[in-house]
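> how would this look folded up:
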Amino acid sequence: MFNQKLYVVAFATILTAACGSDSSSSDPQPMAPDLSQGLFVDAKVTGLKYDTATQSGFTDEGGYFNYIAGEDVTFSIGGIRFPTVAAKELLTPLDLFNTDNIDDIEVLNTIRLLQSLDDDGDLSNGIQIPEVVHQLASTISIDFNDPNFIDELSELIELSGVMNTGFVSLAEAKAHFLDTLAQYDITPAQNCGSDHPMVGYSGTFTTFSHDVAGTATIVDNCTIEVTNFSYDGGGPDVYFYGAIDHAYAGADAFSIGTQLTGTVFNDDTVVLNLPSSKSLDDLNTLSVWCVDFSVDFGSLRFEASQ
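Sure, this is the predicted structure:
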């Protein structure tokens, strides 16, 4: 006798299996996107926190971080966050601020901070940022264009236990970064002309206080090189200042480069880029100027070489 109930169950089982078979063959599983590695350098930086949409961690001993093509990456030290940029195979502080100007104030502040936080103070073996630095900086946020950047973060370096007890000098930080860029065949752009009649002019600082000394030479239309520069780091809110005929307290005077407060220079070389809104027509004298008290620590007049 035909068992209708048994037939229905058997047919349903076959139909279900067939449907399952068709589904697995027609709907392939999605493939995971490929993981890429990027390298962050001002020397190879180890222990720098990074975050992308899918990846997070700390740069490894080679300075590498993980990302998926098309993602952005944000680097940070505790609460100190660097600008978010498109992740790629090689990133430097120039990329973070979308510039090729090594004298950009944000770039200079970044390289000084990274180098100063190196655990053993030996940049030849890379930059190692210890975990304690992230903990100490957990509540810190700062603008890399802040004129008080060095003062604001000096305590972090003092408390971190790294080899440096203060910020590395501007000249040292820049020289090291230039060497690193050269290793990767990166040459900062030189966009200044040399047709201004003051190109080649120079002057020697007259010392008034804080051991200011050195010689400044106008290299091109927007660059001044200060050689054998010395300054004891004293005085609040100190900058190089340009002016006409030593009128540094006047409305037309202007700061050039990063803040000098707290940084000791000893026969160092400092490269100054004029602000984009200024030209060599706006100065014929240069001072190490204390803004808070309107005091000239040492100044010079640019004159044609003999």
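> what are the ranges of the helices in the stretch 101-250 of the chain?
Along the stretch 101-250 of the chain, the stretches classed as helices by DSSP state H, counting those that start in this stretch are 105-116, 131-136, 149-160, 170-183.
> Ok, which of the ones you listed comes nearest residue 58?
Nearest of the helices of the stretch 101-250 of the chain to residue 58, taken as C-beta to C-beta: helix 131-136 at 8.5 Å. Where you see a C-beta, it was placed from the backbone N, CA and C, and this is true even at glycine.
> Output the closest one as CSV, restricted to C-alpha atoms.
C-alpha atoms of helix 131-136 as CSV (Å, rounded to 0.1, in the frame of the first residue of the first chain):
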residue,chain,number,x,y,z
GLU,A,131,54.6,52.9,27.0
VAL,A,132,54.9,55.2,30.1
VAL,A,133,54.9,58.2,27.7
HIS,A,134,51.5,57.3,26.4
GLN,A,135,50.2,57.0,30.0
LEU,A,136,51.7,60.4,31.0
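> in terms of contact count, name the helices or strands touching it.
helix 149-160 (3 or more C-beta pairs under 8 Å, 6 or more residues apart in numbering; DSSP states H and E).
> Kindly export the helix it packs on (C-alpha atoms) in CSV.
What follows is helix 149-160 as a C-alpha-only set of coordinates in CSV (Å, rounded to 0.1, in the frame of the first residue of the first chain):
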residue,chain,number,x,y,z
PHE,A,149,54.4,74.1,22.1
ILE,A,150,57.8,73.5,23.6
ASP,A,151,56.9,75.0,27.0
GLU,A,152,53.6,73.0,27.1
LEU,A,153,55.3,69.6,26.6
SER,A,154,58.6,70.1,28.4
GLU,A,155,57.2,68.6,31.6
LEU,A,156,56.2,65.4,29.7
ILE,A,157,59.8,64.9,28.6
GLU,A,158,61.1,65.6,32.1
LEU,A,159,58.7,63.0,33.7
SER,A,160,59.0,60.3,31.0
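> List the buried residues for it?
For helix 149-160, the neighbour count (16 or more other C-beta atoms under 10 Å) marks 149, 150, 153, 154, 156, 157, 160 as buried.
> same thing with stretch 219-229?
Result for stretch 219-229 [16+ other C-beta under 10 Å]: buried residues 219, 220, 221, 222, 223, 224, 225, 226, 229.
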